[in-house]
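Undergrad: Structure, please.
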Amino acid sequence: MDVAVNLNVNESPMSVVFEVQTHTPSFTQNIVRIGFTDSSVENDYAQEKVHFINATLSKTIADLKSDTAGFDAILINPASVTSEVDQLKVLASQKAIPYIFYTPKFDQAAKDLALRSGVDEYHYGAITTAFFKRVEFIKKLKLYKIQRGNKPYAMVRAHEEVPTIKLWTLKRAFDIVVSLTALLCLSPLLLVIAVMIKLESKGSIFYISKRAGAGYKIFDFYKFRSMRSGADKDLQKLQHLNQYAENADNATDNVFFKLKNDPRVTRVGHFIRNTSLDEIPQLFNVLKGDMSLVGNRPLPLYEAEKLTKDQIAWRFLAPAGITGLWQVTKRGKQEMSPEERIALDMEYAMKNSFWLDMKILFSTIPALLQKEQV
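TA: Here you go, the predicted model:
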């Protein structure tokens, strides 16, 4: 699983600082802390029914081997990592226990080590309710992967074997052939769009953002830049204009974010958005294997982090795609609620197959690349 970075930062102390903003889920009750010396945090969490237990790496490995481990997650200080961490990773994966690197504030070296070590998560800053929700999601995902083994992604139903998705190799081969052919044919158009973007405004030609795809894999998502440089910095100021919010009070709580007439979009940006030409670089994502031509839309991290409860998280078990079930369903409808989008994502995750992909793909012709601005 790729490492996801939590953006909730506490810059003040050098020692480990924990805080809870609201009541935590009942799932995460005992967390082992490896490489930390302070113990006051256990008392801080007593009323929340969440207990932190300091332990050594060797002791934790021994507990995992003897099946006496009575904990739900593992927090590791990157500074205390030894060669034994690989063994810990294997044992924790077998028991579906999340293992997470933690630092009190962002540390690039710790993040790099987390990526090399293959831990489930690198978290820094305050320990909040969002952290526990993320741990719960990782736990569910690891349990699912244990159940399905090496089979392709599909919805697990109670008391059923994991259904086998047929023709998965054919789907990948189809993605490669189509995306490569399209990129070769569209290369002159790509060059023209790049020149138009560069002439109109300063900044890069491509907009690259982190997205969460299948299995919560974090990857670089490519689009032609359609907004002025630095547009992401204005996101918070525009929350009250979110189309998915019923009113200004719940604008920041909504899962999805979209502006009908986004003031950050340039003139060239309006053109390439209205014609879906800004989506063409996603064919590079398909070629790399980050995405498929058809699948659930990969979400920005700030949206993906809100989809970590109950069965909603299963939408990440389907492939990420350029076009998908909810995009096709939306055609002809003026609006679609967040609940409808999530329901369609879940439906695709349960039913995804090569033949369903072909049906969705042909339903989007002649506009293969979606017109929805997300």
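Undergrad: What part of this protein, helix or strand, is modelled with the least confidence?
TA: The weakest-scoring helix or strand in the chain, judged by mean pLDDT, DSSP states H and E, is helix 40-44 (a mean of 42).
Undergrad: Please export the C-alpha coordinates of the next helix or strand after that helix as CSV.
TA: Moving toward the C-terminus from helix 40-44, the next helix or strand (DSSP states H and E) is strand 51-55. What follows is the C-alpha trace of strand 51-55 in CSV, where atoms were taken according to Å, rounded to 0.1, in the frame of the first residue of the first chain:
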residue,chain,number,x,y,z
HIS,A,51,-4.9,3.2,25.2
PHE,A,52,-1.3,3.6,24.0
ILE,A,53,1.2,1.0,25.1
ASN,A,54,4.9,1.6,24.8
ALA,A,55,6.9,-1.4,23.6
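Undergrad: Point out where the stretch 151-300 of the chain drops to low pLDDT.
TA: Low-confidence segments of the stretch 151-300 of the chain (pLDDT under 70): 151-167, 229-263.
Undergrad: if you set the cut-off to 80 instead, what comes out?
TA: For the stretch 151-300 of the chain, the stretches flagged by pLDDT under 80 are 151-168, 215-216, 228-264.
Undergrad: in it, which spans are strands?
TA: 206-212, 218-224, 292-294, 299-300 (DSSP state E, counting those that start in this stretch).
Undergrad: of those, which approaches residue 278 most closely?
TA: Checking these against residue 278 by Cβ to Cβ gives strand 218-224 as the closest, at 4.3 Å. Just so you know, the C-beta spots here come from the backbone N, C-alpha and C atoms, and that holds for glycine as well.
Undergrad: Remind me what the closest one packs against, helices and strands.
TA: In terms of contacts (3 or more Cβ pairs under 8 Å, 6 or more residues apart in numbering; DSSP states H and E), strand 218-224 is packed against helix 168-200, strand 206-212, helix 282-288.
Undergrad: List the buried residues in the first one.
TA: It stands for helix 168-200. Neighbour-count burial for helix 168-200 flags 168, 171-172, 174-175, 178-179, 182-183, 190, 193, 196-197 (criterion: 16 or more other Cβ atoms under 10 Å).
Undergrad: And the chain, what are its domain boundaries?
TA: Following automatic domain parsing, one gets these domains for the chain: 30-148, 168-364.
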